[in-house]
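[1] I'll drop the sequence and a predicted model, then ask my questions.
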Amino acid sequence: LLSSTMPADIPSAHDLEPYTDAPPAKLKKALKTTPNDVKSPECNQAKHCYWKYNEFFRCEKAKGEGAIQCAALKQQFTSLCPVEWVERWDEQRENGVFPGPL
């Protein structure tokens, strides 16, 4: 009865979507990390971090900056490496003193 007396520009409770705390589907981001190393899953991951960092920059050098083929390597080294290491290595690369095989 009330809906017939309400103005047309005001939605009824039946027209509203239920509230949710979840972000819209297009804003959700898949979180992934480096695949498990089945030979030694409990080992220190420092060498894997360093290797993935170097591989990412080798890939960018070969395929161009921002190449989609290199995105997985970037995701892997950012999930493995401490931020402090990456910042220090980036600074060393900029100064031309990075000890890695880029």
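    Looks like it came in fine.

[2] pLDDT at residue 79, what is it?
    For residue 79, the pLDDT comes out at 89.

[3] just give the number of residues close to it.
    Residue 79 has 14 neighbours, counted by other C-beta atoms under 10 Å. Where C-beta positions appear, they are placed from N, C-alpha and C, glycine not excepted.

[4] distance check, it against residue 62.
    Distance, residue 79 to residue 62, by C-beta to C-beta, to the nearest Å: 22 Å.

[5] same check, this time on residue 45
    For residue 45, the distance to residue 62 (C-beta to C-beta) stands at 25 Å.

[6] where do the strands sit along this structure?
    Counting by DSSP state E, the chain has no strands at all.

[7] in it, which helix is the longest?
    helix 46-63 (DSSP state H).

[8] in that helix, which residues are buried?
    Buried positions in helix 46-63, judged by neighbour count with 16 or more other C-beta atoms under 10 Å: 48-57, 59-60.

[9] with stretch 87-96 instead?
    Applying 16+ other C-beta under 10 Å to stretch 87-96 flags residue 89 as buried.
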